[in-house]
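Undergrad: Sharing a sequence plus its predicted fold:
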Amino acid sequence: MNWLNRSSLASFKTSILLGFMALNFLLTGIDVLIAHSQNNFFRWELIPLIFSPLAVLAVLAQLVFQHNIVVKRTFQTTMWVGVAVGLVGTLLHLAGNATSNQVSLNRLLVTGSPIAAPIAFAGISCYALASAHYSGTTRRSKLLVFVGLGFLGAVIAAFLDHARLGFVSSYTLIPLVSGTLATLICFHMAYGHANPHKTETYTCFSILILNLLVGLLGLGFHLAGNLAGTQSIVWARMMYRNPLLGPLLFSNLALLGGLSLLPEPEAKLRD
């Protein structure tokens, strides 16, 4: 942290945050492309695929032409559309799972379409809006709130996904524990005092690094599960059995948390 405070990295924080948001929209679009291809892009499933590249372009334009008012308004509008896409997508997943009035809760939340997945668009959009609009300790607090909510969503998604297996393997509980710890520490850092104690900061970074490793470990477990009992790579299993990009959500959120804690530019801190 002392090195970060002395470095000139703070002056590039907004650019780093927005660049990472563009990458998030790109990877989320790829994840949706894989998931929705299973249904041959039925009905409204093309909406997130159309929105994702538009969101990437809007974020990159804001990154390059941040003082242009037209670009700024376009960026803000696109991000609010992203919030709507996330919320509507969640409702459509729920509606798709509710095939009848007698549908079970297990079908509605566990075995059907993942209800926690579409909300990622709303989360990324809100994070991008906060990154461009706020500054100083206010921005750090708001970004940590969004990261905390992201970890909470990741824990719920992992719980519902692993519930399909009945938590047969004890290691399926690891992301639930690490994600819960990350949720709590992010909220604590967000709502605590403006200058957190060194111990709090180190604790936060330690938990974020733990989740970074949990995401990579989960990728290995998912990959091993998809390759089990096969003599070659079966791409259908890679795409639809154990989602390869799912565990990396924890790694992604850990990186977002770390970026949120980067020092703010001194001029903005004085403002």
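TA: The structure has been received and is ready for your questions.

Undergrad: helix, strand or coil for the closest residue to residue 19 other than its chain neighbours?
TA: Leaving aside its sequence neighbours, residue 19 sits nearest to residue 63 (C-beta to C-beta, 6 or more residues apart in numbering; 6.3 Å). Using the backbone N, CA and C atoms, a C-beta is placed for each residue, glycine as well. Here residue 63 is helix, with the state taken from DSSP: H, G, I helix; E, B strand; the rest coil.

Undergrad: and residue 63, what does it touch?
TA: 15, 18, 19, 22 (C-beta atoms under 8 Å, 6 or more residues apart in numbering).

Undergrad: Do a quick rundown of the helices in this structure.
TA: For the chain, applying DSSP state H gives helices covering 2-6, 13-37, 47-64, 69-97, 105-106, 119-133, 136-163, 174-191, 198-227, 235-240, 248-260, 266-270.

Undergrad: Just give me the neighbour total for the closest residue in space to residue 76 that isn't next to it in sequence.
TA: Nearest residue to residue 76, sequence neighbours excluded (C-beta to C-beta, 6+ apart): residue 129, at 6.7 Å. The tally of other residues near residue 129 (other C-beta atoms under 10 Å) stands at 20.

Undergrad: I'd like to know how far residue 129 sits from residue 68.
TA: To residue 68, residue 129 is 17 Å away according to C-beta to C-beta, to the nearest Å.

Undergrad: And for residue 218?
TA: Distance of residue 218 to residue 68, computed by C-beta to C-beta: 41 Å.

Undergrad: who has more neighbours, these two?
TA: Neighbours per residue, other C-beta under 10 Å: of residue 218 and residue 68, the larger number sits with residue 218, 25 against 13.

Undergrad: List the contacts of that one.
TA: Applying C-beta under 8 Å, 6+ apart, the residues contacting residue 218 are 174, 175, 246, 247, 248, 250.

Undergrad: Kindly recompute the last result at 7 Å.
TA: Neighbouring residues of residue 218 by C-beta atoms under 7 Å, 6 or more residues apart in numbering: 175, 247, 250.

Undergrad: Now, of those, which are buried?
TA: With burial judged by 16 or more other C-beta atoms under 10 Å, the buried subset of the contacts of residue 218 is 175, 247, 250.

Undergrad: any idea how this structure splits into domains?
TA: Domain assignment for the chain by automatic domain parsing gives 1-133, 137-271.

Undergrad: Export the ones you listed to TSV and append columns for mean pLDDT.
TA: Listed next are the domains of the chain as TSV, based on pLDDT from 0 to 100:
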stretch	mean pLDDT
domain 1-133	83
domain 137-271	82
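
Undergrad: and the nearest residue to residue 256 once chain neighbours are set aside, how many neighbours?
TA: Leaving out its chain neighbours, the residue that sits closest to residue 256 by C-beta to C-beta, 6+ apart is residue 147, at 5.1 Å. For residue 147, the neighbour count with other C-beta under 10 Å is 29.

Undergrad: now do residue 62
TA: Other residues lying near residue 62 total 24 when counted by other C-beta under 10 Å.
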